[in-house]
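Undergrad: Structure for the following, please:
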Amino acid sequence: MILLLGATGYIGEAFARELRQRNQAFTALSRRDVDYTRFDVLLEYLRSARPAFLVNAAGYTGKPNVDACETAQADTLQGNTLLPATIAHACEATNTPWGHVSSGCIFAGAKVNRNGHLTVEKDLTRPELKDLAAKNPSAILGFTETDEPNFSFRRPPCSFYSGTKALGEEAIHGIGQGYVWRLRIPFDEVDNARNYLSKVQRYPKVYDNVNSISHRADFVKACLDLWKLRAPFGIYNVTNPGFVTTRQVVEKVERILKPARHFEFWESDEEFYRVAAKTPRSNCVMDAAKLLGAGVKIRPVDEALDDSLMNWRREN
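TA: Numbering: from 1, shown residues only. Down below sits the predicted model:
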């Protein structure tokens, strides 16, 4: 039996759906039934239930976006740092393998290859870098699992949300038999307030940047496949290989969905942060080579985006 925490959340419900499709026995544990944020309670439950694997999809993201975490810092710290540490220690004590949904939002920018010389560029909105990403995408390289997070409390500025996610990874490092699965900007074909494609369509103005992103079903399949394949424990960037700019996503939306609206973009970072955002945003490119090297199959980002938009289902 697999134990699933956070099954009612946007990513947790995708785990539940995929586990049902695999006919995999699982228990979706609710905090109302068992307060798994308490170490002694979770330890007792694990000793009694003896799950073969634990999936932690619980956390605190803030609604409607990470700005909300700036005013709910206790909840954010509890959900993204203290809870993963509690789970990791309880799993270690019971010899339970586990996986934790982390985030690639602990990075900013990408590595840029200029004539064989690699530099880290945190601001990909600079005109010359946006031009390079469009004309020579092979020159833009993603962060790997061995790179130190550069959008964290240790490497400010960062959002409080990103800081707690990076701190969460530090808190569980080396504890027991665990996977750390890094998600980035989830999307799929179902209209939802948490879906990146829905957000892009609903923004009055769109913020153009460069990002790796994760198709929701592809993400949970890849996470479970790592366990199924018994891939080595550790950190994995679980994004659809490649990256896209927001402008490219808008172009796909216009071409495939043909919405009855004209998309406008913020003129600059300065305007976006002055008018629409309270805290810095993570925009980054991730390297999924380790995931692919483990034998996990996942679609390139362009294919996943086109498929989502061609099968788009609007919210009722």
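
Undergrad: Enumerate the beta-bridge partners assigned to residue 103.
TA: residue 183 (DSSP bridges).

Undergrad: What is the least confident helix or strand in the chain?
TA: Least confident helix or strand, the chain: helix 269-275 with a mean of 78, by mean pLDDT, DSSP states H and E.

Undergrad: List every C-alpha atom in that one, with coordinates, as CSV.
TA: Output in CSV follows, covering the C-alpha atoms of helix 269-275 (Å, rounded to 0.1, in the frame of the first residue of the first chain):
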residue,chain,number,x,y,z
ASP,A,269,10.0,43.9,-15.1
GLU,A,270,9.8,47.3,-13.4
GLU,A,271,6.2,47.8,-14.5
PHE,A,272,5.2,44.2,-13.5
TYR,A,273,6.7,44.4,-10.0
ARG,A,274,5.4,48.0,-9.5
VAL,A,275,1.8,47.1,-10.4
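
Undergrad: Now do it: distance to the chain's middle.
TA: The chain centroid and the centroid of helix 269-275 are separated by 24 Å under CA atoms, centre = their mean, to the nearest Å.

Undergrad: Name the surrounding residues that touch that helix.
TA: For helix 269-275, the external contacting residues (CB atoms under 8 Å, 6 or more residues apart in numbering) are 123, 125, 207, 266, 280. Glycine gets a C-beta too; all of them are placed from N, C-alpha and C.

Undergrad: ok, now how distant is the last one from residue 162?
TA: Residue 280 sits at a distance of 8 Å from residue 162 (criterion: CB to CB, to the nearest Å).

Undergrad: Quickly list what's touching both of these two.
TA: With CB under 8 Å, 6+ apart, residue 280 and residue 162 have common neighbours residue 151.

Undergrad: Check the secondary structure at residue 181 for me.
TA: strand (DSSP: H, G, I helix; E, B strand; the rest coil).

Undergrad: Was I right to think it contacts residue 239?
TA: No. Between residue 181 and residue 239 there is no contact under CB atoms under 8 Å: 10.2 Å.

Undergrad: who has more neighbours, these two?
TA: Counted by other CB atoms under 10 Å, residue 181 and residue 239 do not tie: residue 239 has more neighbours, with 30 against 26.

Undergrad: and the nearest residue to that one once chain neighbours are set aside, how many residues sit next to it?
TA: Leaving aside its sequence neighbours, residue 239 sits nearest to residue 212 (CB to CB, 6 or more residues apart in numbering; 4.2 Å). The local packing of residue 212 (other CB under 10 Å) involves 26 other residues.

Undergrad: I'd like the distance between residue 212 and residue 135.
TA: Counting by CB to CB - residue 212 and residue 135 are separated by 19 Å.

Undergrad: now residue 242
TA: On the measure of CB to CB, residue 242 and residue 135 end up 15 Å apart.

Undergrad: Repeat that for residue 161.
TA: For residue 161, the distance to residue 135 equals 33 Å [CB to CB].

Undergrad: Checking my notes, residue 146 in a strand, right?
TA: No. Per three-state DSSP, residue 146 lies outside any strand segment and is coil.

Undergrad: quick one: the helices in the stretch 1-150 of the chain?
TA: 10-21, 39-49, 73-77, 83-94, 127-135 (DSSP state H, counting those that start in this stretch).

Undergrad: Pick out the shakiest of those helices, pLDDT-wise.
TA: Per-stretch mean pLDDT for those is lowest at helix 127-135 (a mean of 86).

Undergrad: Tell me the helices and strands packed up against it.
TA: strand 210-211, strand 244-245 (3 or more CB pairs under 8 Å, 6 or more residues apart in numbering; DSSP states H and E).

Undergrad: residues of that helix that come out buried?
TA: By neighbour count on 16 or more other CB atoms under 10 Å, the buried set for helix 127-135 is 129, 130, 132, 133.

Undergrad: from the residues you listed, which is closest to residue 142?
TA: For those, the minimum distance to residue 142 (CB to CB) is 12.0 Å, reached by residue 133.

Undergrad: contacting residues for the closest one?
TA: 124, 140, 210, 243, 245.

Undergrad: Could you save those as JSON lines and add columns showing pLDDT and neighbour count?
TA: Formatted as JSON lines, these follow (pLDDT from 0 to 100; neighbours: other CB atoms under 10 Å):
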{"residue": "124", "pLDDT": "88", "neighbour count": "23"}
{"residue": "140", "pLDDT": "95", "neighbour count": "21"}
{"residue": "210", "pLDDT": "92", "neighbour count": "25"}
{"residue": "243", "pLDDT": "95", "neighbour count": "25"}
{"residue": "245", "pLDDT": "93", "neighbour count": "19"}
